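> got a structure for you, letters missing:
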């Protein structure tokens with residue numbers, strides 16, 4: 001406990017020191033497209049999405065002196081990503097960049113040619129690429145998993161990689177007088193222990209705004225037994241139309257605080273707890289994210305405090321229960337809402353768990369059936385689970401379809417699933433892979449083959465089977481007749497099953513750098529002055545996650 005407290009104090013001291021004197025990454029007014037801690041699919045948003053006036057190519061400045069400590073280039077994720085480490089113990093991260101400043105770009109290009117790969121992730125020693133505060137280190141873009149021009153900006157503890165809210169450092173560059181708003185609340189009866197409005201399911205209610213920054217719930221709530229409350233809320237800022245996540249939430253019951261969360265920092269491994277922090281099942285079914293004001297036993301988020309009932313409310317008297325929410329943003333803008341729950345006796349039926357297997361969240365689970373095995377490490381479930389298992393024969397497939405409970409139970413981290421292959425006829429065992437049924441299609445999980453079984457890692461429960469991927473990626477030349485004229489060679493790459501893994505281009509056997517954007521288009525820009533006139537052979541090799549390869553060859557002359 002003393003060690004944890006010391007680390008917490010150290011982090012706080014670093015934040016206090018670091019927030020003094022950080023300059024803006026841009027020379028224009030900062031506006032947010034997304035804020036820290038926003039609820040995303042399977043994770044919290046780890047930084048700020050800074051608007052770039054609707055375009056790309058805007059100079060990005062180092063917020064403090066330091067050195068380039070890491071460079072990552074990928075068609076996905078942060079795209080072109082840059083990491084700067086500073087003397088105050090923090091590292092700042094800049095993502096979705098169009099390109100790096102010349103000295104950094106030259107260093108990155110050497111690494112790409114040395115590794116003969118467009119995609120790289122390299123660590124840089126402190127003396128190789130020093131930077132000064134305010135120095136232009138890159139230019140804003142739209143690379144990687146980006147839906148529009150912006151720059152993703154993070155602040156991390158260099159040693160622990162704990163993520164801090166960058167507004168702590170950049171708050172003087174923003175104006176915010178707008179308070180967050182509660183859109184809905186969700187009353188969540190515990191199965192077999194609670195009921196709401198004479199039903200044993202979750203009940204969603206809308207809200208409306210009142211004068212003076214307060215809100216009220218539309219509709220009446222009656223309940224009995226053990227329930228939890230969740231809310232859907234949005235924040236706003238001056239001069240933008242965007243909606244943001246809410247930083248601080250407090251719930252009171254009969255005047256006593258029973259839940260409080262204040263998201264200012266978190267460790268990267270904690271990000272998956274978002275699936276317990278929110279109502280995962282409701283999100284999967286409706287697309288709406290509701291933040292729970294109660295805590296499952298396996299949720300270990302450090303920025304949450306509850307009463308001894310973990311935020312659950314026991315409605316065991318026929319009286320009025322008075323509840324109140326208070327939500328705030330980073331700048332202290334606050335909204336309050338009071339509502340009532342009438343205690344009313346209701347019939348509560350006991351669930352039938354006769355055909356299930358009880359899995360405890362706080363022990364290792366090793367489930368074994370004739371044709372499947374599932375291992376879930378301790379703490380990877382957020383609560384005890386009455387696990388439903390089914391196996392259905394698939395006459396047209398190479399394995400059965402396995403139901404591992406339903407699609408509405410998250411798993412905190414990778415757990416091991418093994419499935420037996422009933423028609424093991426493929427020579428290249430690398431072409432087998434576990435797939436997850438998702439909507440009308442399947443999602444490739446992959447895995448490793450051994451003795452008629454395929455084993456892979458999964459992060460959610462649902463329906464699984466085994467498929468074969470024996471086809472390499474598709475390579476399509478784009479405007480090939482104009483390549484020489486435009487001095488630019490372009491291809492479109494795609495894959496039908498396991499997904500594109502990588503690609504490599506050569507000219508007369510020597511590596512050439514094809515660069516990729518987030519739409520699977522690769523491009524090599526060249527200068528005829530650097531190449532002798534005559535006949536040349538261009539080759540492009542692409543391979544997928546199973547190792548299936550495709551090759552394109554073309555003769556070029558100039």
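Done, it's in. In this text, all values refer to a predicted model and were calculated from it rather than measured experimentally.
> residues making contact with stretch 339-350?
185, 187, 189, 192-195, 198, 200, 216-217, 220-225, 227, 313, 315-325 (Cβ atoms under 8 Å, 6 or more residues apart in numbering). Just so you know, the C-beta spots here come from the backbone N, C-alpha and C atoms, and that holds for glycine as well.
> go with 7 Å
For stretch 339-350, the external contacting residues (Cβ atoms under 7 Å, 6 or more residues apart in numbering) are 192-195, 198, 200, 216-217, 221-225, 315, 317-323.
> run the chain-centre distance for that stretch.
Taking Cα atoms, centre = their mean, to the nearest Å, one finds stretch 339-350 lying 37 Å from the centre of the chain it belongs to.
> give the buried residues for it.
339, 341, 343-344, 346, 348 (16 or more other Cβ atoms under 10 Å).
> from these, which land in strands?
Judged by DSSP state E, the subset of these located in strands is 339, 341, 343.
> how much space between the second one and residue 188?
Just to be clear, that refers to residue 341. According to Cβ to Cβ, to the nearest Å, residue 341 and residue 188 sit 12 Å apart.
> low-confidence ranges in the stretch 401-550 of the chain?
Low-confidence segments of the stretch 401-550 of the chain (pLDDT under 70): none present.
> at 90 instead, please
Applying pLDDT under 90 to the stretch 401-550 of the chain picks out residues 406-407, 439-441, 517-520, 526-534.
> quick one, which of the contacts of stretch 339-350 are buried?
Of those, these count as buried by 16+ other Cβ under 10 Å: 193-195, 200, 217, 221-225, 315, 321, 323.
> now, which of those residues sits nearest residue 367?
Within the buried ones among the contacts of stretch 339-350, proximity to residue 367 (Cβ to Cβ) peaks at residue 193, which comes in at 25.5 Å.
> which ones are touching the closest one?
Applying Cβ under 7 Å, 6+ apart to residue 193 gives the contacts 225-226, 348.
> same question, residue 43
Residue 43 makes contacts with 271-272, 274, as judged by Cβ under 7 Å, 6+ apart.
> repeat that with 6 Å
Counting by Cβ atoms under 6 Å, 6 or more residues apart in numbering, residue 43 makes contact with 271, 274.
> residue 79 now?
96, 143-144.
> out of the residues you listed, who's the most crowded?
Of all these, the highest neighbour tally under other Cβ atoms under 10 Å goes to residue 96, namely 27 neighbours.
> what about residue 521, how many residues nearby?
Residue 521 has 16 neighbours, counted by other Cβ under 10 Å.
> likewise residue 114?
11.
> doesn't residue 53 lie inside a helix?
No - residue state for residue 53 (DSSP: H, G, I helix; E, B strand; the rest coil) corresponds to coil; a helix is not indicated.
> now it: how far from residue 25?
Taken as Cβ to Cβ, the span from residue 53 to residue 25 is 13 Å.
> higher neighbour count, these two?
Comparing residue 53 with residue 25 by other Cβ under 10 Å, the one with more neighbours is residue 25, at 25 against 12.
> low pLDDT regions in the stretch 251-400 of the chain?
Filtered on pLDDT under 90, the stretch 251-400 of the chain yields the residue ranges 394-396.
> show me the domain layout of the protein.
Following automatic domain parsing, one finds the domains of the chain at 2-173, 181-343, 357-468, 474-557.
> coming back round to it: let's have the ones in strands among the buried residues of stretch 339-350 in a markdown table, adding distance to residue 75.
As requested, these are exported to a markdown table (distance: Cβ to Cβ, whole Å):
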| residue | distance to residue 75 |
| --- | --- |
| 339 | 47 |
| 341 | 50 |
| 343 | 56 |
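> looking at those residues, which is nearest residue 516?
residue 339 (51.2 Å).
> tell me what the closest one is bridged to.
According to DSSP bridges, the partner residues bridging residue 339 are residue 323.
> that one and residue 163, how far apart?
33 Å.
> again with residue 555
Counting by Cβ to Cβ, the gap from residue 555 to residue 163 is 51 Å.
> who's in contact with residue 219?
residue 205.
> let's see it at 10 Å
185, 197, 203-207, 339 (Cβ atoms under 10 Å, 6 or more residues apart in numbering).
> do residue 436 as well
With Cβ under 10 Å, 6+ apart, residue 436 has these contacts: 404, 407, 417, 442-445, 456, 458-465.
> drop anything exposed from those.
Here, 16+ other Cβ under 10 Å leaves 404, 407, 417, 442, 444-445, 456, 458-465 buried among the contacts of residue 436.
> closest to residue 369 out of these?
Closest to residue 369 out of these is residue 404 (10.0 Å), distances taken as Cβ to Cβ.
> how near is the closest one to residue 445?
Distance of residue 404 to residue 445, computed by Cβ to Cβ: 12 Å.
> now the common contact residues for these two.
Common neighbours of residue 404 and residue 445 are listed as 417, 419, 436, 458, 464 (criterion: Cβ under 10 Å, 6+ apart).
> which among these gets closest to residue 478?
Of all those, residue 478 sits closest to residue 436, with 32.3 Å by Cβ to Cβ.
> which helix or strand contains the closest one?
Using DSSP states H and E, residue 436 falls within strand 432-438.
> then residue 471?
Short version, using DSSP H and E: residue 471 is in no helix or strand.
> mind listing the helices for the stretch 251-400 of the chain?
Under the criterion DSSP state H, counting those that start in this stretch, the stretch 251-400 of the chain contains helices at 274-277, 280-286.
> which one of those helices is the most hemmed in?
Counting by mean count of other Cβ atoms under 10 Å, helix 274-277 has the highest mean neighbour count of these, with a mean of 24.
> hmm, who's touching that one?
So helix 274-277 is contacted by 37-45, 230, 261, 263, 266, 270, 280, 283-284, 289-292, 295-301, 303-304, 381-383, 409-412, 459-460 (Cβ under 10 Å, 6+ apart).
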